Each structure stands twice: as structure tokens, then as C-alpha cells.
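A.B. asks: Need the 3D shape of this:
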Amino acid sequence: MSDEQKAAAGSPDNETLSLLMKHASVRQYLDTPVTDEQLAAIIGAAQMASTSSNVQAYSVIAVTDAALKAQLSAYSGNQAYIEQCPVFLVWCADLYRLKETVRPHLGDAETYEDTTENLIVATVDVALAAQNAAVAAESLGLGVVYIGGIRNNGAAVSELLGLPELVYPVFGMCLGTPAGESGLRPRLPLSAVLHYNGYDKETTASQVEIYDKVSSDYMHKRTGGQSSAPWSAMMAKRLAEPARLHLKDFLQEKGFMKR
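C.D. replies: Residues are numbered from 1 along each chain as shown. This next block holds a predicted model:
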């Protein structure tokens, strides 16, 4: 926790806060297996996350087969740690289960599972559940890294894993025992993201200027001096490059976002 965050929060400290403040993405794993008991505990914790109207609109595919992991790595931009980790979790927004569950109760009545609102509900549900899982995994001494690259080839991933209509892969998550320590990436100052009683545009802009210096120093150390790009420059590069423009069509083909 940064000095600013401690001061703003009145310096509370407990085991949960300490664990959360030490989160770091893990991209190197030992070959130690994740046990069935560990996986059940992690997904059980995920299920206790908040969910809109108790819809629970998500499913998780635990991939342990080496050939499947290799294929998913290829679909996700050839990220080697997908193959290296013992378990690769594919987190899916899932409205198929909901549609099938309500059918006996509604008969021929029109249903609205294909709305943009329900796409948001399912996507938020899966994100909340996954973050619970990440914290649970770290509490057990395991590590994770989210893989947004799973959306590079959503249709191919869906076919590979047999995802039905109204189910789409939101992100992947590598899970396993870390091979060494991972450095903590500094975050934006608290005052850049915490606003009281309304959005403060001036403070946000000024705090980003401060963060640019922090992030530039971090990148310089992380890359051994090969890069000192500040956060705003990296975000500018990101926004100037088109990314996954196929997703709208893919989601609509899967039955989402039709109205």
C-alpha cells in the first residue's frame, strides 16, 4: 500500500488488506499440480461473489489437457505461460443456462436474454466471480494472471471448448504455484480514482501527471533502461491501435446484444 493510500485510509491493516495489496500477475509457474480440493475451494469462493439478481450468469472451463492449453495459447497470442501453468481457467459469460432454465416456466412467452443489458450483467458477473477466485488462489499460495488475449479468436475458442449460444469467453486465467517473486506495478494515485460527491476533472488530470513520473521510473527499472515510457504515452499507443474490432459481430452471432 502506498503512503498516500495508507494516509487516506487511516492506515487500517489486516490479513485481507495485506493480501490484496500484494497482488501481482504471475507469468512463471512451477509444475506443482493444483489439487482438486484447491480448485474446488477457489471456484467455491468465486461463486460467493456478488451477482446481479442472483442470476449467476457465468461458467468456468478448467483446462488441464496439454494439447488444449497449447491450442488456447495459440489462439491467445502464443503466451507461453498458458501452456506452463497447471490449470488454465476460461471464464465465460453464460446466459444459455438462464435461457434454458426459464423455458418451462414461460412457455412461448417472449424472453429478453439477448439484450445489451443482459450482456453487461453476465460480463460483470463473471468479472466479479473471477476476482474472488484470484484472491482465493493467492490466499492458498497460488498465483494467477488474467489473459484478455482469449478474445482474439473468440469463435475458435468457442468451437474448441464447445461453448453454446449465449456463452462467450471473457478472459482466461493462468493458475498455479509461482516460480519466484513478481514485482508490484504501481497504480494511479488514490485521488485520481476516488472522487467525492461528483467527478473532479482537474484533480484527475493533475494526478495522472504525477503518475506518469512514477510509471516512467518503474518502466525504466523493469526494462533495465530500455524503456521509460510514462503511463499516458502507453495508453495513447493503446487507444491509437484498433483492437478486436470483430467482437461486436462475434457477440451478436453468439446471440448477445441484439437489442
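
A.B. asks: and the gap between residue 119 and residue 63?
C.D. replies: 24 Å (Cβ to Cβ, to the nearest Å). Where you see a C-beta, it was placed from the backbone N, CA and C, and this is true even at glycine.

A.B. asks: Comparing these two, which residue is more hemmed in?
C.D. replies: Neighbours per residue, other Cβ atoms under 10 Å: of residue 119 and residue 63, the larger number sits with residue 119, 23 against 19.

A.B. asks: Which strand or helix spans that one?
C.D. replies: Element membership for residue 119 (DSSP states H and E) is helix 116-139.

A.B. asks: dump the residue contacts of residue 234.
C.D. replies: Shown in contact with residue 234 (Cβ atoms under 8 Å, 6 or more residues apart in numbering): residue 215.

A.B. asks: Just the mean pLDDT for the host helix or strand of it, thanks.
C.D. replies: Using DSSP H and E, residue 234 maps to helix 231-239. The pLDDT scores in helix 231-239 average 94.

A.B. asks: same question, stretch 150-159
C.D. replies: 98.

A.B. asks: tell me which residues in it are buried?
C.D. replies: 150-155, 157-158 (16 or more other Cβ atoms under 10 Å).

A.B. asks: distance between the ends of it?
C.D. replies: 13 Å (Cα to Cα, to the nearest Å).

A.B. asks: what's in contact with that stretch?
C.D. replies: For stretch 150-159, using Cβ under 8 Å, 6+ apart, the contacting residues are 72, 75-77, 90, 163, 167-172, 244, 246-247, 250, 253-254.

A.B. asks: Show me how to select, in ChimeraX, the buried members of the residues you listed.
C.D. replies: A single ChimeraX command selects the buried members of the contacts of stretch 150-159 (16+ other Cβ under 10 Å):
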select :72,75,76,90,163,167,168,169,170,171,172,250,254
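
A.B. asks: Among the contacts of stretch 150-159, name the ones in helices.
C.D. replies: Using DSSP state H, the subset of these located in helices is 72, 75, 247, 250, 253.

A.B. asks: Would you mind giving those as a markdown table with distance to residue 178 and pLDDT added?
C.D. replies: Converted to a markdown table, the ones in helices among the contacts of stretch 150-159 look like this (distance: Cβ to Cβ, whole Å; pLDDT from 0 to 100):
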| residue | distance to residue 178 | pLDDT |
| --- | --- | --- |
| 72 | 21 | 98 |
| 75 | 24 | 98 |
| 247 | 31 | 96 |
| 250 | 33 | 97 |
| 253 | 38 | 96 |
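
A.B. asks: ok, those vs residue 136, which is closest?
C.D. replies: Using Cβ to Cβ, residue 72 comes nearest to residue 136 of the ones in helices among the contacts of stretch 150-159, at 22.4 Å.
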